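Participant: Fold the following, please.
(one chain, ligands or ions: 2)
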Amino acid sequence: MTMIKTENTTKLKLAIQKSGRLHDDSIKLLKECGIDISNGVNKLKAEAANFPIEVFFLRDDDIPQYVEDGVADIGFVGENVVFEKQKKLEITEKLGFGKCRLSIAVQRNEQYTGIQFLEGKKIATSYPVIVADFLKSNNVNAEIHEISGSVEIAPGIGLADAICDLVSSGSTLFMNGLKEAEVILQSQAVLIKNNEIDADKTILLERLLFRIQSVKKAKNNKYILLNAPNDKLQEIIGLLPGMKSPTVLPLAEEGWSSVHSVLNENEFWDIIEQLKAAGAQGILVVPIEKMII
Ligand code: PRT
Ligand code: ZN
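Facilitator: Ligands and ions are numbered 1, 2, ... in the order given. Modelled structure (predicted):
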């Protein structure tokens with residue numbers, strides 16, 4: 001009997017937001033991971049030509065349910081939605097976009113003195129589960145009024161004393177005469193995963209996560225090139241971390257070297273100032289596209 005070897009056709013099913021704030025960044029992240037689905041964004045579902053993945057376009061609120069049920073294996077969705085929906089699934093990776101916070105806000109002229117202010121008050125929100133949890137853990141009794149949109153107008157029309165909504169720049173609160181009183185949750189887009197994906201899909205997910213992590217690392221780091229007089233070289237090298245250690249190349253001009261290294265965004269400006277003070281010249285900083293370590 002001859003065995004016919006069939007090619008492995010397992011595909012990872014990914015749910016992303018169909019349209020809205022997370023859509024473009026989700027597509028962009030996939031593209032940065034070398035996964036191009038540009039042909040299908042107007043359909044319900046698209047396939048990538050160069051990675052075994054199928055992408056479903058859904059409302060963000062529905063993504064946790066689809067992932068719990070296994071209709072999708074993984075999803076990109078805001079942590080705020082994941083916590084509100086309380087489905088059985090795993091948060092696997094923070095994606096670094098869609099950053100915002102879920103906050104309680106009150107009218108600007110209120111004397112807000114602390115969480116006890118909320119006792120006996122009416123709070124309008126689209127996040128009743130998270131708010132109830134927050135109130136309970138702070139021993140505050142308040143009435144939660146669930147509304148699905150334009151939460152920020154509720155105090156102005158007398159519907160509520162306070163609201164709980166997502167904030168990024170704060171301008172929506174400001175324009176509606178409100179002020180931020182408590183931050184309940186810091187949120188960003190995350191990769192969620194079904195609890196029971198099989199071994200083949202786990203391998204695909206690991207490949208995808210490896211790419212996502214390389215893209216994230218690259219975004220948090222910069223490549224730096226500088227010229228250093230040789231008598232200052234040891235001091236300058238001492239300031240630079242590098243992936244292993246900095247690369248040092250001789251310049252055509254006698255007594256000078258070119259030093260190349262990688263700097264993390266968080267420590268970037270501090271180190272640049274120290275490098276200048278130590279005698280570094282012609283400092284160039286360039287973005288890194290991918291970082292594989
Ligand atoms: O149609 P679908 O249900 O898929 O989309 P949606 O309308 O429910 O969600 P969408 O697209 O508005 O947001 C998707 C996700 O983006 C949210 O679940 C968050 O994880 C994330 N995100 C990040 C935000 C914001 N920032 C944000 N600022 N979601 C909403 N806002 C709103 C907020 O509700 C408020 O109305 O923006 C306003 C506040 O913004 P600032 O800048 O004025 O403070
Ligand atoms: Zn939604």
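
Participant: Now for the residue minimising distance to the centre of the chain: which residues touch it?
Facilitator: Ranked by distance to the mean C-alpha position of the chain (CA atoms, centre = their mean), the top residue is residue 96 at 2.3 Å. Shown in contact with residue 96 (CB atoms under 8 Å, 6 or more residues apart in numbering): 188-189, 216, 219. For glycine as for every other residue, the C-beta is placed from the backbone atoms N, C-alpha and C.

Participant: hmm, try it at 7 Å
Facilitator: 188, 216, 219 (CB atoms under 7 Å, 6 or more residues apart in numbering).

Participant: same question, residue 112
Facilitator: By CB under 7 Å, 6+ apart, residue 112 lies in contact with 106, 181.

Participant: What's the mean pLDDT across stretch 121-130?
Facilitator: The pLDDT scores in stretch 121-130 average 98.

Participant: Can you point out the buried residues in that stretch?
Facilitator: 122-128, 130 (16 or more other CB atoms under 10 Å).

Participant: ditto for stretch 285-293
Facilitator: Quick answer for stretch 285-293 (16+ other CB under 10 Å): residue 291.

Participant: now do stretch 37-54
Facilitator: For stretch 37-54, by 16+ other CB under 10 Å, it's 37, 46, 48, 51-54.

Participant: Kindly report the same for stretch 223-242.
Facilitator: 223-224, 226-229, 232-233, 236-237, 239-240.

Participant: Ligand 1: which of those is nearest?
Facilitator: When the buried residues of stretch 223-242 are compared for distance to ligand 1 (CB to the nearest ligand atom), residue 223 wins out at 29.7 Å.

Participant: I'd assumed residue 259 was in contact with that closest one.
Facilitator: No: using CB atoms under 7 Å, residue 223 makes no contact with residue 259, being 11.6 Å away.

Participant: Output the longest helix seen in the chain as PDB, nothing but the C-alphas.
Facilitator: For the chain, the helix with the greatest residue count under DSSP state H is helix 199-219. Extracted C-alpha coordinates of helix 199-219, given in PDB (Å, rounded to 0.1, in the frame of the first residue of the first chain):
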ATOM      1  CA  ALA A 199      -0.600  21.000  18.900                       C
ATOM      2  CA  ASP A 200      -0.400  22.100  15.200                       C
ATOM      3  CA  LYS A 201      -2.100  25.400  15.900                       C
ATOM      4  CA  THR A 202       0.100  25.900  18.900                       C
ATOM      5  CA  ILE A 203       3.100  25.700  16.600                       C
ATOM      6  CA  LEU A 204       1.600  28.300  14.300                       C
ATOM      7  CA  LEU A 205       0.800  30.500  17.200                       C
ATOM      8  CA  GLU A 206       4.400  30.300  18.400                       C
ATOM      9  CA  ARG A 207       5.600  31.300  15.000                       C
ATOM     10  CA  LEU A 208       3.200  34.300  15.000                       C
ATOM     11  CA  LEU A 209       4.200  35.300  18.600                       C
ATOM     12  CA  PHE A 210       7.900  35.100  17.700                       C
ATOM     13  CA  ARG A 211       7.200  37.600  14.900                       C
ATOM     14  CA  ILE A 212       5.000  39.900  17.000                       C
ATOM     15  CA  GLN A 213       7.700  40.000  19.700                       C
ATOM     16  CA  SER A 214      10.400  40.800  17.200                       C
ATOM     17  CA  VAL A 215       8.300  43.700  15.800                       C
ATOM     18  CA  LYS A 216       7.600  45.000  19.400                       C
ATOM     19  CA  LYS A 217      11.300  44.800  20.400                       C
ATOM     20  CA  ALA A 218      12.300  46.700  17.300                       C
ATOM     21  CA  LYS A 219       9.800  49.400  18.100                       C
END
